[in-house]
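K.L.:
give me a 3D structure for the following:
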Amino acid sequence: MDDVTIRVLILTRPEVFKYFGGEAVQIRETSKALAKLGVSVDVSTDLRPDCSPYDVVHLFNLTMVAETYVQARHAWKQGKPLVLSPIYCTWDEFERLGRRGFLRWINRLLPSVEARQRLKAFAKAFLAENHSAHWLQFVKGYRREQKEILRMVDVILPNCRCEAEAIEREFGRHGAEIQVVPNGVDPLWVEEVSPTPFVDRYGLHDFVLCVGRIDERKNQVALIKALADTGIRLVFIGGLSPRHNAYNREFLELVSRYSNVHYLGQLDHKMVLSAMKAARVHALPSWLETPGLTSLEAGLLGCRIVTTDRGGPPEYFGEMAWYCQPNDLASIRRAVLAAWEAEETPPLREHILANFTWDHAARMTLEGYRKALEKRGFGPSACAGRTLRKDRRETP
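P.N.:
Numbering: from 1, shown residues only. This is a model prediction of the structure:
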């Protein structure tokens, strides 16, 4: 297989690139690193693209599945090997404890995941792009679509072992092979990063930094409440989420109340890296992360890392980070102060360079593609323009 170009179509939802969070970064950086390995990659947000030129179809997201389900079904009917990056997380704790306003009321009224997701699908059928996909989810059911996706795919590429375990726990045996593909960073820019551009522009140095979109899941309000009276400078970088207006108002009110809290809005990536180089601690007390790409970047640039104990961070950082509980202000405060006052910074840089680069992620992803092709009994170019085994057209 090594001497033949594998042709891959990555499918995702339109909003991924509209808001450009971690999923968009993962797709962009993985595609670039795969190209260096000789893999031909195209990215599409179409629900029903022509898959015939491709050897493998790579799907994204098992949590927000309305579009994923339609894309998976369409590619599966064309007989293509399917690979899934699930980016899967269980939102129950966040939905119960982390939501604000109307959504918190809805979550209390509708405690089951299925009921909440069907209500969301009904609303999105009128308001969102790809309304037909959301209508289908409303009719078919959220959990049913997830289960059928898992039965259609050949290989699953979770970002950590705990993500694979969560899928197994929630859905039971599914028949797909598992290939853990950790998220990564690009080490090529590390030596070029300097704190000077950030310090010169904003006059800030030696502070606690939090990089990420301002929204309920990232939990920035809790970070302010936990640390506002310490006198330690808190710096927030990231755009306001258009879906969390009440949370945005609370966040901005707290920023204006405390002189040691600074919100800089959305900055370009080079300036974000410069800010990380100027910071002492990077804190991300999210309700769930796997592991938080900004934490990886900050750790590579020498920050002490404070992160959530939910999800994948303990697998990535081990004993080289400080962990907090997102629903406990005292826990967040203890973790940040411990990191702030620590005598030494853990050797995270070497650990990240050895285990969590996009080149490493691309090699593991390519191994997943090969497993999918081998599982279906075809070499990397044999399936392009063809329909594979007819039994794939049966109902999953």
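K.L.:
any idea how far the helix or strand harbouring Val336 is from the chain center?
P.N.:
Counting by DSSP states H and E, the element that carries Val336 is helix 329-341. Centre-to-centre, helix 329-341 and its host chain are 25 Å apart (CA atoms, centre = their mean, to the nearest Å).
K.L.:
repeat that for stretch 262-275.
P.N.:
Using CA atoms, centre = their mean, the distance from the centre of stretch 262-275 to the centre of the chain it belongs to is 20 Å.
K.L.:
can you list the low-confidence ranges for the stretch 101-250 of the chain?
P.N.:
Along the stretch 101-250 of the chain, the parts satisfying pLDDT under 70 run over 101-105, 107.
K.L.:
which residues in it form strands?
P.N.:
Here the stretch 101-250 of the chain has its strands, by DSSP state E, counting those that start in this stretch, at 155-156, 177-178, 208-211, 234-237.
K.L.:
quick one, which of the ones you listed gets closest to Asp328.
P.N.:
For these, proximity to Asp328 was assessed by CB to CB; strand 208-211 is nearest, at 17.1 Å. Using the backbone N, CA and C atoms, a C-beta is placed for each residue, glycine as well.
K.L.:
what packs against the closest one?
P.N.:
Under the contact definition 3 or more CB pairs under 8 Å, 6 or more residues apart in numbering; DSSP states H and E, strand 208-211 sits against helix 220-227, strand 234-237, helix 269-278, strand 281-284, helix 293-300.
K.L.:
most tightly packed of the ones you listed?
P.N.:
Looking across the helices and strands packed on strand 208-211 with neighbours counted as mean count of other CB atoms under 10 Å, the highest average goes to strand 281-284: a mean of 28.
K.L.:
tell me how far that one is from the chain's mean position?
P.N.:
For strand 281-284, the distance to the chain centre is 17 Å (CA atoms, centre = their mean).
K.L.:
tell me which other helices or strands the helix or strand following the helix holding Val336 touches.
P.N.:
Proceeding N to C from helix 329-341, the next assigned helix or strand is helix 348-355, under DSSP H and E. For helix 348-355, the elements it packs on are helix 293-300, judged by 3+ CB pairs under 8 Å, 6+ apart.
K.L.:
list the neighbouring strands of the helix or strand that the helix it packs on is followed by plus their orientation.
P.N.:
Per DSSP H and E, the first helix or strand lying C-terminal to helix 293-300 is strand 304-308. Strand pairing for strand 304-308, determined by DSSP bridges: strand 281-284 (parallel), strand 322-324 (parallel).
K.L.:
Serialize the ones you listed to JSON lines and add fields for mean pLDDT and distance to Glu216.
P.N.:
Output for the strands paired with strand 304-308, formatted as JSON lines (pLDDT from 0 to 100; distance: least, CB to CB, whole Å):
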{"stretch": "strand 281-284", "mean pLDDT": "98", "distance to Glu216": "14"}
{"stretch": "strand 322-324", "mean pLDDT": "98", "distance to Glu216": "16"}
